[in-house]
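Engineer: Attaching a predicted model along with its sequence, questions to come.
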Protein chains: 2
Amino acid sequence: MKKITIGEAARRSGVKVPTVRYYESIGLLAAPSRSDGNQRSFEPADINRLAFIRHARELGFEIEAIRTLLTLQDDPHQSCASADAIAKARLVEVEQRIRSLMALKAELETMVEGCGHGRVDQCRVIEVLADHGQCTHPHH
Amino acid sequence: MKKITIGEAARRSGVKVPTVRYYESIGLLAAPSRSDGNQRSFEPADINRLAFIRHARELGFEIEAIRTLLTLQDDPHQSCASADAIAKARLVEVEQRIRSLMALKAELETMVEGCGHGRVDQCRVIEVLADHGQCTHPHH
DNA sequence: CTACATCCTCTAGCGACTAGAGATGCAAGA
DNA sequence: TCTTGCATCTCTAGTCGCTAGAGGATGTAG
């Protein structure tokens, strides 16, 4: 078994070095064995786990959700209902966030289009912000 | 002039009481005068300013951007080019975020649809997370 | 043997709040 | 007047998920 340093693990998993240490510190990743000089020595399985975490983070899952997903992965005989529920909840969140951002986009477009590029007292950007009643899109 | 308490200001502007104090502490809102008993006493203009901040925050502007927008509002003879630039930058951010979230949505949908509701070792949610190569959508 | 990159631990900082402790202030009812 | 009870005050510390930096040890190539 050749040793995998933290830098190598970071490169292979796409997780940054300090973040790897951070994940270890919060117990998301088991503490790896150490070299004679006290340097971390990772196993290939650790790389997979880090890549899993990274992918889940990119999908916007919170650390606690990932913790649950990882315990599920560790015990493949369990029902995947929890995993399914977590993913579904995340899907609902994402859908909501998209809807909300679309409304913001529309409002920002109105603001920017209305801007006559003159002085602030005729600026629709400032005006719309100051008076919420001018909001065409009742998103909030 | 009747006094507006912090609670009243919070209710009228839609900004929470501790957040009003926070905005004062970071200099986004001028420190209001105080009553005999050292309680904050706001002016109607403060309510407008708070509402402005709240609206801008809802649109996702960062505090520092809002600080700039507020100084522009305070001096209406300035050119509104900065306000326009800030809003445009925010629009670009929002558009990017929407695109990214659409990709996530698609991936999450694939995961959830593929889940046979059986055991974890056949669960597509876990599987896709573990193996990024299975990602149909190359969003990252 | 010497450079130099990489590693170690530790603490503090980011943004934008939020929560809580413990001490006053204030308005209304008995 | 007294009391009840909510609102307010200041202050510190916590949230999330890292990120930056100090100051030192280790590992490797020439």
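Structural biologist: Cool, got the structure. It should be emphasised that the depicted structure is a prediction, and the values quoted were computed from it without experimental measurement.

Engineer: from here on, contacts and neighbour counts on C-alpha atoms
Structural biologist: Fine.

Engineer: Is the host helix or strand of residue A:89 positioned near chain B?
Structural biologist: Using DSSP states H and E, the secondary-structure element containing residue A:89 is helix A:81-114. Yes: contact of helix A:81-114 with chain B (Cα under 8 Å from any Cα of the partner chain) involves A:81, A:83-84, A:87-88, A:90-91, A:94-95, A:98, A:101-102, A:104-105, A:108-109, A:111-112.

Engineer: Those residues, buried ones only, as a PyMOL selection?
Structural biologist: In PyMOL syntax, the buried subset of the residues of helix A:81-114 next to chain B is picked out as below (16 or more other Cα atoms under 10 Å in any protein chain shown):
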select buried, chain A and resi 81+83+84+87+88+90+91+94+95+98+101+102+104+105+108+109+111+112
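
Engineer: Could you find the residue nearest the spatial middle of chain A?
Structural biologist: residue A:60 (3.4 Å; Cα atoms, centre = their mean).

Engineer: Next up, the contacts around that one.
Structural biologist: The contact partners of residue A:60, taken as Cα atoms under 8 Å, 6 or more residues apart in numbering or on different chains, are residue A:90.

Engineer: can I assume it sits in a helix?
Structural biologist: No: if the criterion is DSSP: H, G, I helix; E, B strand; the rest coil, then residue A:60 is coil and not within a helix.

Engineer: Three-state assignment for the closest residue to DNA strand C within chain A, please.
Structural biologist: The minimum distance from chain A to DNA strand C, using Cα to the nearest atom of the strand, falls at residue A:7 (3.0 Å). For residue A:7, the assignment made with three-state DSSP gives helix.

Engineer: is it true that it touches residue A:17?
Structural biologist: Yes: judged on Cα atoms under 8 Å, residue A:7 makes contact with residue A:17 at a distance of 6.1 Å.

Engineer: How much space separates the residue of chain A closest to DNA strand C from residue B:115?
Structural biologist: Residue A:7 sits 35 Å away from residue B:115, going by Cα to Cα, to the nearest Å.

Engineer: before we move on, what about residue A:72?
Structural biologist: 14 Å.
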